[in-house]
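# Fold the following.
(chains A, B, C and D)
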There are 2 protein chains.
Amino acid sequence: MKGLSEKQERILSFIERFIRENGYPPSIRDIQAGCRISSTSVVDYNLKILESRGYLQRSAEVSRSIRLNRGMHDDAMINVPVIGVIAAGNPIPVPTAETWDVTAAAEKMVVPRELTRGREAVYALKVKGTSMIDALINDGDIVLLEHVSMVENGEMAVVWLKDEKEATLKRVYFERDRVRLQPANEQMQPIFVPLQNVAIQGRVIAVIRRFD
Amino acid sequence: MKGLSEKQERILSFIERFIRENGYPPSIRDIQAGCRISSTSVVDYNLKILESRGYLQRSAEVSRSIRLNRGMHDDAMINVPVIGVIAAGNPIPVPTAETWDVTAAAEKMVVPRELTRGREAVYALKVKGTSMIDALINDGDIVLLEHVSMVENGEMAVVWLKDEKEATLKRVYFERDRVRLQPANEQMQPIFVPLQNVAIQGRVIAVIRRFD
DNA sequence: CTGTGTAAAGAACACCTGTTCTATGCCCAA
DNA sequence: TTGGGCATAGAACAGGTGTTCTTTACACAG
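Prediction:
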């Protein structure tokens, strides 16, 4: 199978993201706007190529009838396990295949699919203490996480500081051999730590604060 | 929560089957034909009912934008209207019977019933700007509110400061003839305002922060 | 009976959306 | 250079599609 052009890759991943975020397929003009393509005919042109190579299917003359063939049918994961507590000075519980089993989880929580957006390895942690106050996260808040070991610059993540034996929530920026941890509160100063002192535990998807 | 009519059950299971068989949601006229309904307006009528009860979601004026809340639409999720934006210096939109109509709301949101806990007059506001940063609420956060005009001491509420013409989110303590507004961040100092200068707009039920 | 609320029919409108047609520019082998 | 395949632009068309408006029918409480 021949390779795809950069534009076709872009279209494909846009469709994937669109379906994940909206729950229904994009129209041709959605794709046009989302991939900054100049004409609908160009989108159609590339969609026909993608279809002929089996990447997707379309029904003629039916709006939003794109189906991706890379098996992705979202079975709304709305039930996430609350696998533990995050607090300064404590290691956070590392998710395992065991804890993924939502039915077996000691504590669980229902969240709108709109929040998880089809992501796979989602779990929740309860925040203990006010040590994350500079990230606008308070005692008792619930943090929704995606289990990943690397994040992109600027993303909010759970960071484990090995030396300090401390977990914290910050925006992460990689700078040569050090890492800048930026509090969400702009009035506060960033923290710099050496690269080998940090371990990414997960990407923050959402914060939920409940008042009784 | 009231039961569904036989026709609504039929529509619901047709949508489910259609998505399963075609991979994309049906149009209103697909439903009309598939359920042998006489008019598109009847389909629309029943879809609005189904949406208001949390069984599905639609995006206004977007074709085939039906999403099913599969699995746990049994009381687990509820649909609340996002009726506006809260920002310093702006009056917040006062909820009316009009804006309660979830089906008519321009924007809406699905939240777990676990968050609303059976409360009735629940609506949502989007936070604009960082003026609530001392309440640990950031730009873009979504605040879930219960529409009340009085709160108890210590509750987090939307407070309208008449003189300053400013809405803010603080914990409220009534002290004789003045009101103490306590930021959630304990490092910051409280604000004192005269009693006649404040109007309670609603009690904060939850804060939801989403990262993309 | 009268009024009110719910449910439904049918039609019409305006916008959405897939499709198609023509024209243009580019690369590369003949 | 020439010609053909590839990719793109822009516009226009026809049918799809969500929405709304008016009218009708029915059940039920006052």
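# Does the longest helix that chain A contains reach DNA strand C?
Identified as the longest helix of chain A according to DSSP state H is helix A:6-22. No - in terms of CB under 7 Å from any atom of the strand, no part of helix A:6-22 sits within range of DNA strand C; the closest distance is 10.9 Å. C-beta here means a position set from N, CA and C on the backbone, and glycine is covered the same way.
# So what's the gap between that helix and the chain middle?
In terms of CA atoms, centre = their mean, to the nearest Å, the centre of helix A:6-22 is set 15 Å apart from its chain centre.
# and chain A, which residues reach DNA strand D?
Within chain A, the positions near DNA strand D by CB under 7 Å from any atom of the strand are A:5, A:7, A:37-42, A:45-46, A:49, A:61-63.
# coming back round to it: would you mark the buried spots in the longest helix of chain A?
For helix A:6-22, burial by neighbour count (16 or more other CB atoms under 10 Å in any protein chain shown) applies to A:Q8, A:R10, A:I11, A:L12, A:F14, A:I15, A:F18, A:I19, A:N22.
# Low-confidence ranges, chain A, go.
A:1-3, A:52, A:54, A:69-79, A:88-110, A:112-114, A:116-120, A:186-187, A:212 (pLDDT under 70).
# Pairing partners for the longest strand seen in chain A, with directions?
Counting residues, the longest strand in chain A under DSSP state E turns out to be strand A:198-210. Sheet pairing of strand A:198-210 (DSSP bridges) gives strand A:142-146 (antiparallel), strand A:156-161 (antiparallel), strand B:198-210 (antiparallel).
# on that earlier part again, tabulate the residues of chain A next to DNA strand D (JSON lines), appending distance to chain B and secondary structure.
Compiled in JSON lines, the residues of chain A next to DNA strand D are given as follows (distance: CB to the nearest CB, whole Å; DSSP: H, G, I helix; E, B strand; the rest coil):
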{"residue": "A:S5", "distance to chain B": "25", "secondary structure": "coil"}
{"residue": "A:K7", "distance to chain B": "23", "secondary structure": "helix"}
{"residue": "A:I37", "distance to chain B": "20", "secondary structure": "coil"}
{"residue": "A:S38", "distance to chain B": "23", "secondary structure": "coil"}
{"residue": "A:S39", "distance to chain B": "21", "secondary structure": "coil"}
{"residue": "A:T40", "distance to chain B": "15", "secondary structure": "helix"}
{"residue": "A:S41", "distance to chain B": "20", "secondary structure": "helix"}
{"residue": "A:V42", "distance to chain B": "22", "secondary structure": "helix"}
{"residue": "A:Y45", "distance to chain B": "21", "secondary structure": "helix"}
{"residue": "A:N46", "distance to chain B": "19", "secondary structure": "helix"}
{"residue": "A:I49", "distance to chain B": "20", "secondary structure": "helix"}
{"residue": "A:E61", "distance to chain B": "12", "secondary structure": "coil"}
{"residue": "A:V62", "distance to chain B": "8", "secondary structure": "coil"}
{"residue": "A:S63", "distance to chain B": "5", "secondary structure": "coil"}
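# ok, back up a step: what about the strands paired with strand A:198-210, which gets the closest to DNA strand C?
Among the strands paired with strand A:198-210, the nearest to DNA strand C by CB to the nearest atom of the strand is strand B:198-210 (24.3 Å).
# Show me which parts of the closest one are buried, residue by residue.
Along strand B:198-210, these residues count as buried under the neighbour rule (16+ other CB under 10 Å): B:V198, B:I200, B:Q201, B:G202, B:R203, B:V204, B:I205, B:A206, B:V207, B:I208, B:R209, B:R210.
# need the contact list for the first one.
I take that to be B:V198. With contacts defined as CB atoms under 8 Å, 6 or more residues apart in numbering or on different chains, the neighbours of B:V198 are B:V159, B:W160, B:L161, B:K162, B:V172, B:V179.
# Out of the strands paired with strand A:198-210, flag the one nearest A:R29.
A:R29 sits nearest to strand B:198-210 of all the strands paired with strand A:198-210, at 25.9 Å, using CB to CB.
# Can you report how many residues neighbour the residue of chain A found nearest DNA strand C?
When CB to the nearest atom of the strand is the measure, chain A has its nearest residue to DNA strand C at A:I28, with 3.0 Å between them. As a burial measure, A:I28 scores 19 neighbours (other CB atoms under 10 Å in any protein chain shown).
# which of the residues of chain A next to DNA strand D lies closest to B:N185?
Taking the residues of chain A next to DNA strand D together and measuring to B:N185 by CB to CB, the closest member is A:I37, at 45.8 Å.
# ok so, going back, tell me the helices and strands packed up against the longest helix of chain A.
Helices and strands in packing contact with helix A:6-22 are listed as helix A:28-34, helix A:40-52, strand A:67-68; criterion 3 or more CB pairs under 8 Å, 6 or more residues apart in numbering or on different chains; DSSP states H and E.
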